[in-house]
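S.K.: My questions concern the predicted model and sequence given below.
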Amino acid sequence: MPYLSTMLGKRIENADGKRLGRLNDVVATPRVKFPVVSGIMVRSGWGRRRRYFFIPWSKVTDWGPDGFVFVETTENREPGSDDIFLARDLMDKQIVDMDGHKIVRVSDIRMARSGGDLRVLGADVGVLAILRRLGMVPVAERLRSARSGIRKDRIVPFNLMSPVAPLPYDVKLNVPYREFLEIHPSDIADIIEQLDVEQREKVLALIDNPKLADVLTQILPGVRTSVAQAVGDERLADLLEIMPPDEAADILGSLARDKAQALLSLMEIEEASVVRELLGYDPETAGGRMTTEFVAIPDSMTAVETIDYLRKRGLDAETIYYVYVVDGDGHLSGVLSLRDLLSSPPEKVVSDVMLRNVVTIDLDDDQELLADRLSRYNLLALPVLDEDHVLKGIVTVDDAIDVLREESLEDFSEVSGVPFEEAPVREAMNSRRWAGTMLTFLGGILGTALFGIFKTEFVAALALVYFVPLALRAAHDVSVWSLAVAVKDISGKDLSGSRLRKVIGKEYVCTLIEALLISGLGLAVGMVWTGFRAPAYAGAAGLFVGIAFAGMLGLVVPIVIRRAKPDPAVGPERLVSVMVMAASVISFLVVSGWVVGAWR
């Protein structure tokens with residue numbers, strides 16, 4: 001079957017063999033499910049003499065791998081106003097792939113003969129299409145063989161493609177709009193995050209407000225500003241009124257202060273006042289994570305009255321699995337589960353059946369403590385109290401999952417030295433990435449320069465060269481382990497007092513044991529390799545000091561850097577790596593050189 005990529009650039013000749021130009025594009029009429037090719041666009045000449053002309057497909061008498069032959073005609077035709085140019089309008093454009101709920105790019109167009117016509121079957125978004133575009137057609141065909149793991153093209157049929165907007169066909173869906181809007185809000189959010197600003201406007205315009213409110217809560221914080229611009233202030237204010245107050249506060253908190261104030265002024269007074277209150281709390285505390293949409297009843301209600309109350313007010317609550325009981329001043333008295341409520345006699349007063357020993361959390365408690373309590377006690381929601389024991393809101397288990405995810409990514413980022421962005425990274429030339437790479441390069445140059453400074457020691461005992469890779473590798477591994485311990489046991493907690501000394505002392509004892517073990521094994525191996533005691537003892541002593549020093553750096557550096565709060569690209573792991581490289585080589589060479597000198 002023909003592909004557009006294999007047709008573009010082919011030679012165009014008339015019946016007498018005269019070369020007239022090369023194929024520039026294929027034109028199709030999209031009035032049927034699978035458009036019929038109506039003609040080809042030909043490019044002739046170069047520079048200022050370049051011109052384009054249209055040849056109807058009915059005039060093409062022969063075509064193959066070498067090019068196209070057509071019968072010349074005096075008829076001067078032009079493409080129809082509704083016709084599409086396959087290369088211009090489809091190639092390299094984006095498609096919302098509903099199977100994987102992601103954005104894919106059209107790499108090729110597949111066509112097929114149908115009687116005397118040539119029809120467009122669909123867009124090829126697979127790996128084989130990329131190979132054909134690179135001119136590797138034989139390789140692509142070989143991979144399609146039965147023995148290959150890549151057997152088929154990935155074709156999105158043209159009859160399932162509908163443009164988001166009129167020409168240009170920049171974004172397409174491989175299902176009708178109604179099916180696109182029925183997928184989960186989280187999947188729609190993933191798709192929107194991959195589009196540019198102009199394309200987002202077209203997709204967001206298709207979604208009604210209730211659905212879009214759910215979608216916005218799933219958008220990554222780093223993308224929310226551009227999405228807010230695409231939605232518009234008035235519509236965004238309406239969406240903030242629809243969504244839960246805690247979600248609205250999260251979105252406003254990620255926007256610029258002036259932008260957030262403008263949106264609050266456009267919201268209804270009641271909704272805006274609730275969101276303003278939530279914005280007053282630190283976003284990494286229980287107050288910043290809570291929602292004010294919960295069910296609270298007076299302790300004088302009966303079971304049947306409570307059920308009737310839930311029927312009226314339950315739709316506005318974040319969750320109704322727990323019903324909180326308060327006194328006249330709003331102090332939390334107890335909690336009822338939905339099971340306890342339904343199993344109680346109708347006339348039973350809730351104060352007689354409620355659970356009084358309630359697990360709670362304070363407004364200013366850290367979000368990590370919040371997640372820990374929800375997990376420890378297997379709760380679906382946790383009440384948040386102020387200093388007067390007044391119930392201010394609740395935090396649900398889905399918020400705890402978000403906290404655990406954010407904290408785990410933050411910890412892993414500190415250990416790996418790779419910043420995990422709040423928005424998808426689109427540029428390969430990311431400044432933070434290359435800043436870290438250059439820091440590593442400078443560290444390597446520093447380590448290499450140190451060999452020149454201590455070249456006398458290497459001349460005196462050339463066998464010490466054997467120990468250098470071991471010193472670097474062992475020191476790096478020990479320091480990374482120490483860094484991981486620092487991130488896990490120290491990060492986010494109080495750094496003063498006996499607890500810090502206990503953690504450092506315990507870890508450093510482990511580091512000394514590791515240093516002793518590796519230096520002892522290095523001594524044994526050195527004796528076998530070199531046959532001389534001086535280099536072996538010198539190398540073992542250098543290993544012990546270098547590894548012990550590296551372990552201390554792995555513990556101390558994160559504590560110091562945590563106070564400075566630098567850019568993630570030059571965070572703890574990267575600085576530790578560079579410092580360990582320099583410190584381990586210096587200590588190894590100094591100690592081993594001193595031992596060699598003393599031995600002689």
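M.R.: The structure has been received and is ready for your questions.

S.K.: Now stretch 276-284: buried residues?
M.R.: Residues 276, 278-279, 281, 284 are the ones in stretch 276-284 that count as buried (16 or more other CB atoms under 10 Å). All C-beta atoms are positioned from the backbone trio N, CA, C, and that covers glycine.

S.K.: Could you do stretch 381-397 as well?
M.R.: By 16+ other CB under 10 Å, the buried positions in stretch 381-397 come out as 381-385, 391-397.

S.K.: Counting only strands, which of these make the cut?
M.R.: Mapping the buried residues of stretch 381-397 onto strands (DSSP state E) picks out 381-385, 391-396.

S.K.: can you tell me which of the residues you listed lies nearest to R88?
M.R.: Comparing these against R88 with CB to CB places T396 closest, at 50.0 Å.

S.K.: Quick one: residues contacting the closest one.
M.R.: Each residue near T396 by CB atoms under 8 Å, 6 or more residues apart in numbering is listed here: 291, 318-319, 380-381.

S.K.: How about M301: what's its closest non-neighbour residue?
M.R.: V350 (5.3 Å; CB to CB, 6 or more residues apart in numbering).

S.K.: do the same with P210
M.R.: Spatial nearest neighbour of P210, excluding adjacent residues (CB to CB, 6+ apart): I242 at 6.3 Å.

S.K.: contacting residues for that neighbour?
M.R.: 209-210, 213 are the contacts of I242 under CB under 8 Å, 6+ apart.

S.K.: can you rerun that using 10 Å?
M.R.: I242 sits next to 209-210, 212-214, 216, 248, 271 when contact means CB atoms under 10 Å, 6 or more residues apart in numbering.

S.K.: ok, back up a step: lowest-confidence member of the buried residues of stretch 276-284, which is it?
M.R.: Ranked by pLDDT, the buried residues of stretch 276-284 bottom out at E284 (86).

S.K.: Skip the chain neighbours and tell me the closest residue to that one.
M.R.: Leaving aside its sequence neighbours, E284 sits nearest to Q367 (CB to CB, 6+ apart; 5.0 Å).

S.K.: residues contacting that neighbour?
M.R.: Contacts for Q367 (CB under 10 Å, 6+ apart) come out as 282-289, 361, 395, 399-400, 402-404, 406-407, 492.

S.K.: now it: how far from V403?
M.R.: In this view, Q367 and V403 are 5 Å apart by CB to CB, to the nearest Å.

S.K.: Could you do P157 as well?
M.R.: With CB to CB as the criterion, P157 and V403 are 43 Å apart.

S.K.: can you tell me which helix or strand L239 belongs to?
M.R.: helix 233-242 (DSSP states H and E).

S.K.: now that helix: how far from the chain's centre is it?
M.R.: Relative to its parent chain, helix 233-242 has a centroid offset of 26 Å by CA atoms, centre = their mean, to the nearest Å.

S.K.: any idea which helix or strand comes after it?
M.R.: Next element after helix 233-242 (DSSP H and E): helix 245-253.

S.K.: Give me the average confidence score over that following helix.
M.R.: According to the model, helix 245-253 has a mean pLDDT of 88.

S.K.: can you list the contacts of I242 in CSV and add distance to L517?
M.R.: Formatted as CSV, the contacts of I242 follow (distance: CB to CB, whole Å):
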residue, distance to L517
N209, 65
P210, 63
L212, 60
A213, 59
D214, 56
L216, 55
A248, 56
E271, 63
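
S.K.: With respect to V525, which of these is nearest?
M.R.: L216 (61.0 Å).

S.K.: Do you know the pLDDT at the closest one?
M.R.: L216 carries a pLDDT value of 89.

S.K.: ok, now which ones touch it?
M.R.: Residues near L216 by CB under 10 Å, 6+ apart: 185, 189, 192, 204, 207, 224, 227-228, 231, 236, 239-240, 242-243, 247-248, 250-251.

S.K.: Any of the residues you listed buried? List them.
M.R.: Among those, those buried by neighbour count (16+ other CB under 10 Å) are 185, 189, 192, 204, 207, 224, 227-228, 231, 236, 239-240, 243, 247-248, 250-251.

S.K.: what about the helices in the stretch 1-150 of the chain?
M.R.: Secondary structure of the stretch 1-150 of the chain (DSSP state H, counting those that start in this stretch): helices at 4-7, 127-133, 137-143.

S.K.: doesn't A249 make contact with L263?
M.R.: No. With contacts counted by CB atoms under 10 Å, L263 stays clear of A249, the gap being 11.4 Å.

S.K.: wait, is A524 part of a helix?
M.R.: Yes. Under DSSP: H, G, I helix; E, B strand; the rest coil, A524 sits within a helix.

S.K.: and the gap between it and V403?
M.R.: Distance of A524 to V403, computed by CB to CB: 49 Å.

S.K.: same thing with V326?
M.R.: Distance, V326 to V403, by CB to CB: 26 Å.

S.K.: neighbour count winner among those two?
M.R.: Each of V326 and V403 has its neighbours counted (other CB atoms under 10 Å); V403 has more, 21 against 17.

S.K.: and the more buried one, what element?
M.R.: With DSSP H and E as criterion, V403 is part of helix 397-416.

S.K.: For my notes, please list the buried residues of stretch 276-284 in JSON lines and give secondary structure and distance to S344 for each entry.
M.R.: Conversion of the buried residues of stretch 276-284 to JSON lines gives the following (DSSP: H, G, I helix; E, B strand; the rest coil; distance: CB to CB, whole Å):
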{"residue": "R276", "secondary structure": "helix", "distance to S344": "38"}
{"residue": "L278", "secondary structure": "helix", "distance to S344": "33"}
{"residue": "L279", "secondary structure": "helix", "distance to S344": "39"}
{"residue": "Y281", "secondary structure": "coil", "distance to S344": "35"}
{"residue": "E284", "secondary structure": "coil", "distance to S344": "39"}
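
S.K.: before we move on, back to that, for L263 and A249, indicate the residue with more neighbours.
M.R.: A249 (27 against 22).

S.K.: What separation do you get for the closest residue to that one other than its chain neighbours and L264?
M.R.: Once flanking residues are discounted, A249 sits nearest to L278: 3.9 Å by CB to CB, 6+ apart. Separation of L278 from L264 (CB to CB) stands at 12 Å.

S.K.: Show me whatever sits in contact with both of those two.
M.R.: Counting by CB under 10 Å, 6+ apart, the shared contacts of L278 and L264 are 248, 252.

S.K.: returning to what we had before: my read is that the residue nearest to M301 contacts D340, right?
M.R.: Yes. Assessed by CB under 10 Å, V350 is found in contact with D340 at 9.2 Å.

S.K.: So for the two, which sits in the more crowded spot?
M.R.: Neighbours were counted for V350 and for D340 using other CB under 10 Å; V350 has more, 24 against 16.

S.K.: the strands in the stretch 1-150 of the chain, which residues?
M.R.: 11-14, 19-29, 36-44, 51-56, 60-64, 67-70, 84-85, 94-97, 102-105, 108-114, 117-124 (DSSP state E, counting those that start in this stretch).
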